[in-house]
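Undergrad: Pasting a predicted model and its sequence here:
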Amino acid sequence: MDMILTGLLVLIVIAALYGVIIYNQLVALRNHYKNGFSQIEVQLKRRYDLIPNLVETAKAYLAHEKTTLENVIAARNAASNGLAKAAESPGAAGSMGDLMKAETALGGAMGQFNLVMEAYPDLKANQNMMQLTEEISSTENKVAFARQAFNDMVMSYNTYRQSFPQNMLANMFGHTTDAEMLEFEDSEAIQEAPKVSF
């Protein structure tokens, strides 16, 4: 009888330890993707800070393109607000969706701005404009890398949470939903390759 009781006690201890391991892994994976989102946040804030400087530099050249400049600033402000909401709950479907929409709108506004800028060679040759566009381009690359890392971390979390037996314990531990990946839709104006004719 003691042997059965001892064996049962050992099984309970092993199950409890396994539950602790699953819980700790879920927490670690969630913290990883939240940290990954903070890297995106840093780069997006940097880009949002550069955009007003870009618009200010372009104002003198694009005086009659006021609507384009206003659209860029409005889209930048909306994206900045979307980022602030997403930072409150990284991985939540609603906040990620709002940020994705805002970033898509900003991408479209920046694409329109780039198209307008093409018609002004003096503006493109302006030293401040060249430096700002280079910084924004560099930041875009950093955003892309940070977003890929975040999405990889979200995928690891979701895969672990959905796997057996973790899926049975995840809800009990407060991990009730999958984290949402962050995908930006590139505007056609940005995606379109430049046309070269000879």
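TA: Arrived safely, thanks for sending. What you are looking at is a predicted structure, and each value in this text was computed from that prediction instead of being measured. Numbers count the residues shown, from 1 in each chain.
Undergrad: in this structure, which spans are helices?
TA: Counting by DSSP state H, the chain has helices at residues 2-59, 66-88, 93-117, 121-125, 127-162, 166-170, 188-191.
Undergrad: in the third one, what's buried?
TA: This means helix 93-117. The neighbour-count check on helix 93-117 (16 or more other Cβ atoms under 10 Å) flags 95-96, 98-100, 102-113, 116-117 as buried. C-beta: built from backbone N, CA, C; applies to glycine.
Undergrad: Report the helix or strand with the lowest average pLDDT across this structure.
TA: helix 188-191 (a mean of 39; mean pLDDT, DSSP states H and E).
Undergrad: excluding its backbone neighbours, what's nearest residue 72?
TA: residue 109 (4.7 Å; Cβ to Cβ, 6 or more residues apart in numbering).
Undergrad: ok, now how distant is that neighbour from residue 120?
TA: From residue 109 over to residue 120 the distance is 17 Å, taken as Cβ to Cβ, to the nearest Å.
Undergrad: repeat for residue 40
TA: Using Cβ to Cβ, residue 40 is found at 32 Å from residue 120.
Undergrad: ok, the two, which is more surrounded?
TA: Using other Cβ atoms under 10 Å, the more surrounded residue of residue 40 and residue 120 is residue 40, with 25 against 15.
Undergrad: what residues are up against the residue lying closest to the more buried one once chain neighbours are set aside?
TA: Once flanking residues are discounted, residue 40 sits nearest to residue 146: 4.5 Å by Cβ to Cβ, 6+ apart. Contacts for residue 146 (Cβ atoms under 8 Å, 6 or more residues apart in numbering) come out as 36, 39, 40, 42, 43.
Undergrad: redo that, cut-off 7 Å
TA: Contacts for residue 146 (Cβ atoms under 7 Å, 6 or more residues apart in numbering) come out as 39, 40, 43.
Undergrad: just residue 139 next, same as before
TA: Counting by Cβ under 7 Å, 6+ apart, residue 139 touches 43, 46, 47, 50.
Undergrad: Mind doing that once more with 10 Å?
TA: For residue 139, the residues meeting the contact criterion (Cβ atoms under 10 Å, 6 or more residues apart in numbering) are 42, 43, 44, 45, 46, 47, 48, 49, 50.
Undergrad: any idea how far it lies from residue 44?
TA: Applying Cβ to Cβ to residue 139 and residue 44 gives a distance of 8 Å.
Undergrad: overlap in contacts of the two?
TA: Counting by Cβ under 10 Å, 6+ apart, residue 139 and residue 44 have no shared contacts at all.
Undergrad: Show me the shaky parts of the protein.
TA: Along the chain, segments meeting pLDDT under 70 span 186-198.
Undergrad: please redo it, this time with the cut-off set to 80
TA: Counting by pLDDT under 80, the chain has low-confidence residues at 1, 60-64, 124, 184-198.
Undergrad: quick revisit: nearest to residue 178, of the contacts of residue 139?
TA: Set against residue 178, the nearest of these by Cβ to Cβ is residue 44 (22.7 Å).
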